[in-house]
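Peer 1: whatever this is, show me its structure:
(one chain, ligands or ions: 1)
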Amino acid sequence: MTDTQADVAIIMGSQSDWATMRHAAETLAALGVSYKSLIISAHRTPQRLYDFATGAKAAGYKIVVAGAGGAAHLPGMAASMTPLPVFGVPVESKALSGQDSLLSIVQMPAGVPVGTMAIGKAGAVNAALLAAAVLALDDAELAGRLDAWRAQQTQNVALEPKDDA
Ligand SMILES: Nc1c(C(=O)O)ncn1[C@@H]1O[C@H](COP(=O)(O)O)[C@@H](O)[C@H]1O
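Peer 2: As a prediction, this is how the structure comes out:
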């Protein structure tokens, strides 16, 4: 689901981040949350970032999920130009296994917050769940879907391990 009037903007520094960030998109889709996915790089497309971040609230977005790897300046720079909540996803880099991405995103100076997730797929899924939880504060139907999603997750955990699972 990619809407023009979406609640969540999923932005990422490169096409190569999509393999990770698609998990955020899939999680939002499963919860019935509208989103738009965009490639925006602070380094390679600075004007695109400026235009997006300064206009994100007026465009109707409520939350930004930003994934980037390596020198991952995208989430912090987006946060510096929008009052919307920004959740950062450190993409797993080849050279340093995402530790560079994590430290780049998490160490923001006081005054410009980025909610930093775990490295990789877990972070992308959790960014989507956190975004949904925030949106659910004002949306009882979404809150119900989120509860159901969690209940299903609990139900999917077997009590005993299997050899062939
Ligand atoms: N960290 C950033 C930013 C940014 O922070 O603006 N723009 C691209 N990148 C990252 O560079 C990595 C390699 O990108 P390529 O695969 O395109 O070479 C990606 O993980 C991307 O997020």
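
Peer 1: what ranges do the helices span in the chain?
Peer 2: Secondary structure of the chain (DSSP state H): helices located at 18-30, 46-55, 74-81, 99-106, 121-136, 140-155.

Peer 1: gap between the residue nearest to residue 134 when sequence neighbours are not counted and residue 84?
Peer 2: Excluding the flanking residues, the one nearest residue 134 by Cβ to Cβ, 6 or more residues apart in numbering is residue 63, at 6.1 Å. Any C-beta I mention is one placed from the backbone N, CA and C, and that applies to glycine too. As for residue 63, its distance to residue 84 is 6 Å (criterion: Cβ to Cβ, to the nearest Å).

Peer 1: what's opposite the most centrally placed residue in the chain in the beta bridge?
Peer 2: In the chain, the residue lying closest to the centroid (Cα atoms, centre = their mean) is residue 65, at 3.1 Å. Legend: beta-bridge partners of residue 65 under DSSP bridges are residue 10, residue 87.

Peer 1: check contacts around it.
Peer 2: 8-11, 21, 24, 86-87, 89, 124, 127-128, 131 (Cβ atoms under 8 Å, 6 or more residues apart in numbering).

Peer 1: switch the cut-off to 10 Å
Peer 2: Neighbouring residues of residue 65 by Cβ atoms under 10 Å, 6 or more residues apart in numbering: 8-12, 21, 24-25, 27-28, 35, 37, 75, 78, 85-89, 115, 117, 123-124, 127-128, 130-131.

Peer 1: kindly report the same for residue 42.
Peer 2: 11, 13, 48-50, 53, 66, 68, 71-78, 80.

Peer 1: next, count neighbours for residue 11.
Peer 2: 28 (other Cβ atoms under 10 Å).

Peer 1: surely it and residue 84 touch.
Peer 2: No: Residue 11 lies out of contact with residue 84 (Cβ atoms under 10 Å); the separation is 11.4 Å.

Peer 1: tell me, what's touching these two both at once?
Peer 2: Common neighbours of residue 11 and residue 84 (criterion: Cβ under 10 Å, 6+ apart): 53, 56, 61, 64, 78.

Peer 1: which one among the residues you listed gets closest to residue 155?
Peer 2: Among those, residue 64 lies closest to residue 155 (Cβ to Cβ), at 31.7 Å.

Peer 1: show the pLDDT at the closest one.
Peer 2: We have a pLDDT of 98 for residue 64.

Peer 1: same deal with residue 5?
Peer 2: 87.

Peer 1: flag every residue of this protein that's near the ligand.
Peer 2: Residues of the chain lying close to the ligand by Cβ under 6 Å from any ligand atom are 13-14, 16-17, 41-44, 68-74, 91.
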